[in-house]
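J.: sharing a model that was predicted from the sequence below.
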Number of protein chains: 2
Amino acid sequence: MLQKESGGSNKAVSRGYLQGQLVARGVRMTQQRRAILQVMEGARGHLDAASILRIARHDHPDIDRVTVYRTLTLLKRHGLIDELDLLHLGGVGHYYEQRPLQQHLHVACLRCGRVVEIASPLFDKIKGQVERNLAFRVAFARVEIGGYCEKCRPETSG
Amino acid sequence: MLQKESGGSNKAVSRGYLQGQLVARGVRMTQQRRAILQVMEGARGHLDAASILRIARHDHPDIDRVTVYRTLTLLKRHGLIDELDLLHLGGVGHYYEQRPLQQHLHVACLRCGRVVEIASPLFDKIKGQVERNLAFRVAFARVEIGGYCEKCRPETSG
DNA sequence: GGTATAGTTGCAACATGTTGCAAAAGGAGA
DNA sequence: TCTCCTTTTGCAACATGTTGCAACTATACC
């Protein structure tokens, strides 16, 4: 279906997945949104709102914090991105990532702060269990695990 | 003044689980902390920081927001409470609950806001899988699921 | 291309959470 | 009970996220 990177080279602006999705759903496209979506598309890893703002301003210097937050809310509402806390390792902020095809869970080291993503069939199993047991329609799920990676494991065994 | 859950009736101050845990670990006990811990002990359901502050002020009117946040951080660090976002249904705030014996996951309805807790053996399975696959020592895990409960399920089937 | 209009933006103000620092209070020992 | 030392508190300032509102702009229609 929709490709993440468009192969076409005849257009100055390659629309990108997120922009395409929003337009297809009748969402109005503005300069500011284009700049923000571009950032989300090009990102690898997890971005916080301040970083998104900073990068988006390369394209559109007058853009405001508020617009970033509102665009992120829009994308969340359409299920196109996921919002993470990453267990608040870095303070109060949140992080955002384009929703992947394969849902994954986030494992964060409490000491070094590294975040690893892994997919697990148990993820879907939990969702299924909730749907059955609670007669609940699951829209999305978030699994975040905190602990210590191999390098950072505390020496104290007790 | 200080009994909230009167276990026995001959003592004015029943220490409560959280306070006992902290004292046992050599943490200094202050008037402010006592007031906050009392609130956490007596709470059913999930409290946000503002509510904790408001209730704690009944006992100790001069207590500050900052002290509430710092005490919550202390309790988190000792693994005595868990911090939840509940998917930010109610805005930016966080929610806190005493860490239960049986870990559970939180299922929140995106329309009516009701939060249901359920325990699942899959919860522990996921933790085990992470420990094995990533050589990771899991300290805690958080599973939050958003969707629609039976009553709030959207009519639109598409 | 021009116009109407509904959705979007930026600003200001607010709400929630964090940090630095001087003053105050808890707890140990005498 | 008094003193000393360390931890904790409250304040102020800052960082992050949300909301109300007037001005602006993307799109539909002509």
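T.: Sure, I can see it. Numbering: from 1, shown residues only, chains lettered A, B, ... in the order given.
J.: now the helix or strand harbouring A:Ile126: average pLDDT?
T.: A:Ile126 belongs to helix A:121-134 when elements are defined using DSSP states H and E. Mean pLDDT, computed over helix A:121-134, is 92.
J.: tilt between that helix and helix B:121-134?
T.: Put simply, helix A:121-134 runs at 170 degrees to helix B:121-134, going by axes from the mean of the first three to the mean of the last three Cα atoms, to 10 degrees.
J.: quick one: the longest strand seen in chain A near DNA strand C?
T.: For chain A, the strand with the greatest residue count under DSSP state E is strand A:137-148. No: on the criterion Cβ under 7 Å from any atom of the strand, strand A:137-148 is out of touch with DNA strand C, staying 14.0 Å away. The C-beta positions use only the backbone N, C-alpha and C, and glycine is treated the same way.
J.: any part of that strand near DNA strand D?
T.: No: Strand A:137-148 stays clear of DNA strand D (Cβ under 7 Å from any atom of the strand), getting no nearer than 14.7 Å.
J.: near chain B, which residues of chain A?
T.: A:83, A:85, A:87-88, A:105, A:107, A:109-110, A:116, A:118, A:120, A:122-123, A:125-127, A:129-130, A:133-150, A:153-154 (Cβ under 8 Å from any Cβ of the partner chain).
J.: show the buried residues in the residues you listed.
T.: Burial by neighbour count, 16 or more other Cβ atoms under 10 Å in any protein chain shown: within the residues of chain A next to chain B this picks out A:83, A:85, A:87-88, A:105, A:107, A:109-110, A:116, A:118, A:120, A:122-123, A:126-127, A:129-130, A:134, A:136-149.
J.: residues touching the residue nearest in space to the middle of chain A, list them.
T.: With distances taken as Cα atoms, centre = their mean, the residue of chain A nearest its centroid is A:Glu97 (1.6 Å). Residues near A:Glu97 by Cβ atoms under 8 Å, 6 or more residues apart in numbering or on different chains: A:43, A:45-47, A:81-82, A:84.
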